[in-house]
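S.K.: I would like to see how this sequence folds:
(one chain, ligands or ions: 2)
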Amino acid sequence: MEVDVGSIRYSVGASLKVELKERWGAITWGGEEVELLDPVTVKLTLTNTGELLLANGRLETSLLLTCSRCLERFPYALDAPFVIGYREVKKKKVEEPEDEDLEVRGFTGDRIDITEDVRDTLYLALPMKPLCRQDCLGLCPRCGKNLNEGPCTCEKEEPDPRLAVLRDLFKQE
Ligand SMILES: [Zn+2]
Ligand SMILES: [Zn+2]
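M.R.: Ligands and ions are numbered 1, 2, ... in the order given. Model prediction:
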C-alpha cells in the first residue's frame, strides 16, 4: 500500500486526501488464521507540516473472529484511528522523534509504503478477548453446549459432596 506524496512533499501547508484499498485474504493472529471479509481500507489526510508529513485518518475492515466465550466465529467490524508522521530522511532511519505522542517513520522519494504501519495498526486494534456480542452466554462448563442457543439439560446443582471429599483427599497427596 503506497501513497504518492509528490504533490505535497515540497509545499508546506499542502494536504492530500487518499483512500487505499487492498484485499489481504487472511492474517495470522494469536497463532490462528484470521480471515478478512472486506478489503483493508485506509482513508487518510496527509498534511505537510513543514517538519513532516502527518498522516491522519482511519483504517477499516472486517474480520472473522472467534468468540472467546462461545467459540463461534463472527464478523467483527474494525475501525481504528491511523495517525503517523512520515519524515523525509536520507536513510530509512529516523534518529530522534521530538513528539513522544506521535509515531514517526522515515521515508525517501515520492512514494511512502505504509503497508507495515497499516498491519501494525490493525493488529493493535484487534480485541484481546473477542465477543460475538456483549452478553454472550458462552458454553456450559459441564456439557459444552452453546448457551446462546438455549439452556442445556445439566442440573444446576452443586457437584456431589462425596466427590468433593474425594477431590480433597487427592489434593492432600
Ligand atoms: Zn459468543
Ligand atoms: Zn450443560
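S.K.: all contacts plus neighbour counts: C-alpha atoms, from now on.
M.R.: Will do.
S.K.: what's the lengthiest strand in the chain packed up against?
M.R.: The single longest strand within the chain, with elements called by DSSP state E, is strand 73-88. Counting contacts by 3 or more CA pairs under 8 Å, 6 or more residues apart in numbering; DSSP states H and E, strand 73-88 packs against strand 53-66, strand 103-107, helix 115-125.
S.K.: Lys17 touches Leu44, doesn't it?
M.R.: Yes - the pair Lys17 / Leu44 is scored as a contact, 5.8 Å apart, by CA atoms under 8 Å.
S.K.: between these two, which has more neighbouring residues?
M.R.: Leu44 (21 against 13; other CA atoms under 10 Å).
S.K.: so which of the helices and strands packed on strand 73-88 is nearest ligand 1?
M.R.: strand 53-66 (7.9 Å; CA to the ion).
S.K.: for that closest one, packing partners?
M.R.: Checking 3+ CA pairs under 8 Å, 6+ apart, strand 53-66 ends up next to strand 32-36, strand 40-48, strand 73-88, helix 115-125.
S.K.: quick one: that strand near ligand 1?
M.R.: No - using CA under 5 Å from the ion, no contact is recorded between strand 53-66 and ligand 1, whose separation bottoms out at 7.9 Å.
S.K.: any idea how far that strand is from the chain center?
M.R.: 8 Å (CA atoms, centre = their mean, to the nearest Å).
S.K.: give the rounded mean pLDDT of that strand.
M.R.: Average pLDDT, strand 53-66: 96.
S.K.: direction included, what does that strand pair up with?
M.R.: Strand pairing for strand 53-66, using DSSP bridges, gives strand 32-36 (antiparallel), strand 40-48 (antiparallel), strand 73-88 (antiparallel).
S.K.: this completes my enquiry, with thanks.
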